[in-house]
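**Q** Show me how the following folds:
(one chain, ligands or ions: 1)
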Amino acid sequence: MNQNRSSSKKMLRTLAGVVEAVPPIWLMRQAGRYLPEYLALRREEPDFIAFCLNPDLASEATLQPIRRFGLDASILFADILLLPHAAGQKVWFEKDHGPRLELFSDKQQLIRLDWDRAAGELSPVYETVRRLRRDLPQDCTLIGFAGSPWTVSTYMIAGGKDADRWQARTLAWSDPVLLDDLLERLGAATVKYLCAQVEAGADVIQLFESWAEGLPQPLFERVVIRPTQAIVRKLKARFPGLPVIGFPRGCGTLLMDYVQGTGVDAVSLDMSQANAAMLNLLSKDAVLQGGLDPALLATGGPLLAAEITRLLDLMAGRPYVFNLGHGISKETPPEHVEQLIRLIRETPPQP
Ligand code: 1CP
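**A** Presented below is the predicted three-dimensional model:
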């Protein structure tokens, strides 16, 4: 039997398939710009990469939402773009512009980055994880994470956010050898990076495939499922009981292929996937997470309460982790998060 079924951490029990009367709760991007205490901390280090690589600041940012809201899980404060940065591609964040990455006109340069050393360059992240392990409440699960190779590659190829992933998709079709090579190198570095997070104390790993949207099935199989499956296999070979959550945002009904093909223990749903038709396609004991529209959390009020009830009804009888369908937005009043947690914890358990 999976030992996590009797863990003192509700999140770990749920990921092991136990149906809890009240689901565990955490929120993607729960640390960040909607919290005044985060904005104050951020002023101490305006360089975002330096902020992520400072264990004092990164551990404090991770703990802020836990102290304020008492969530069931915390997610390491870091970013999916630390890995390309550590491999030697310059990454920087411009105010109101999102991430910028050094643009290589010769895409072969992406292959020639220092992939072997990348994970080793991120030792401050592992120090942050060690401190969190020590400082988090006993019953709070610590989630480590990385971007999945395809999603990270879309930023690396385009030098930033790639509208419609046009550049990455074009490269995938026009130079499959190069793209597959890049995904493999990224995948191998990601495995090392995640293993080091687990060794430092992460209980769970989440793989963010934030740009799984808009791919034809053969490409989805090649650039999303295959690289993710390789990562999950290697993580499980090293840490057999480690729960892995996948978040293939925007993949629609390819979700079934994703769950079966990758071997993840749980899947995080976006807003459009949290519905009865989709759930009917999944096995009754599939572990699910997510689904709430971040725009509704930012809005608050009676419609938020109604949607929480709909999600809890929809997920009744299934192992379910309450979360959003994507990251919390910076417009969200923190009181709405309090309201959300109160509503979930006070809703009478479903029969
Ligand atoms: O101004 C600031 O303070 C920076 C804003 C910010 C923050 C708070 C960025 C830049 N990254 C983060 C932290 C972060 N990023 C976390 C830890 C915090 C938490 O969850 O509480 C995590 C898990 C991420 C993961 C991440 N980074 C993803 C996957 C999740 C998702 O939202 O889809 C992606 C795509 C990124 C890239 C990135 N980094 C930052 C931004 C604004 C973005 C998104 C850019 C885009 O929309 O393309």
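**Q** where's residue 204 relative to the ligand, distance?
**A** 13 Å (CB to the nearest ligand atom, to the nearest Å). Where you see a C-beta, it was placed from the backbone N, CA and C, and this is true even at glycine.
**Q** Got phi/psi on that residue?
**A** Main-chain dihedrals, residue 204, degrees, to the nearest 10: phi -140, psi 150.
**Q** need the helices for the stretch 1-150 of the chain, in chain order.
**A** 10-15, 36-42, 48-52, 55-69, 82-87, 108-111, 115-118, 123-135, 149-158 (DSSP state H, counting those that start in this stretch).
**Q** Let me have those helices in a markdown table, extended by distance to residue 198 and mean neighbour count.
**A** Formatted as a markdown table, the helices of the stretch 1-150 of the chain follow (distance: least, CB to CB, whole Å; neighbours: other CB atoms under 10 Å):
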| stretch | distance to residue 198 | mean neighbour count |
| --- | --- | --- |
| helix 10-15 | 13 | 25 |
| helix 36-42 | 26 | 14 |
| helix 48-52 | 19 | 18 |
| helix 55-69 | 16 | 20 |
| helix 82-87 | 16 | 24 |
| helix 108-111 | 27 | 15 |
| helix 115-118 | 17 | 18 |
| helix 123-135 | 9 | 18 |
| helix 149-158 | 18 | 25 |
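**Q** how about the ones you listed in a markdown table, adding distance to residue 216 and mean pLDDT?
**A** Formatted as a markdown table, the helices of the stretch 1-150 of the chain follow (distance: least, CB to CB, whole Å; pLDDT from 0 to 100):
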| stretch | distance to residue 216 | mean pLDDT |
| --- | --- | --- |
| helix 10-15 | 31 | 98 |
| helix 36-42 | 39 | 98 |
| helix 48-52 | 34 | 97 |
| helix 55-69 | 38 | 98 |
| helix 82-87 | 26 | 98 |
| helix 108-111 | 23 | 98 |
| helix 115-118 | 28 | 97 |
| helix 123-135 | 35 | 98 |
| helix 149-158 | 13 | 98 |
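**Q** So which bits of the stretch 51-200 of the chain are right by the ligand?
**A** Within the stretch 51-200 of the chain, the residues that sit near the ligand (CB under 6 Å from any ligand atom) are 75, 77, 78, 79, 80, 81, 93, 98, 99, 145, 161.
**Q** what about 8 Å?
**A** Neighbours of the ligand within the stretch 51-200 of the chain, by CB under 8 Å from any ligand atom: 51-52, 61-62, 65, 75-81, 93, 95, 98-99, 145, 147, 151, 155, 160-161.
**Q** and residue 159, how far is that from the ligand?
**A** Distance of residue 159 to the ligand, given as CB to the nearest ligand atom: 12 Å.
**Q** Give me the neighbour count for that residue.
**A** Per other CB atoms under 10 Å, the neighbour tally for residue 159 reads 18.
**Q** and the gap between residue 201 and the ligand?
**A** Residue 201 is 17 Å from the ligand, by CB to the nearest ligand atom.
**Q** show me what contacts the closest residue to that residue other than its chain neighbours?
**A** Nearest residue to residue 201, sequence neighbours excluded (CB to CB, 6 or more residues apart in numbering): residue 133, at 3.1 Å. The contact partners of residue 133, taken as CB atoms under 8 Å, 6 or more residues apart in numbering, are 142, 200, 201.
**Q** Run a quick check on the second one versus residue 129, I expect a contact.
**A** Yes: Residue 200 lies in contact with residue 129 (CB atoms under 8 Å); the separation is 3.8 Å.
**Q** Give me the mean pLDDT for stretch 311-328.
**A** Stretch 311-328 shows a mean pLDDT of 98.
**Q** Could you check how far stretch 166-173 is from the centre of its chain?
**A** Distance of stretch 166-173 from the chain centroid (CA atoms, centre = their mean, to the nearest Å) equals 23 Å.
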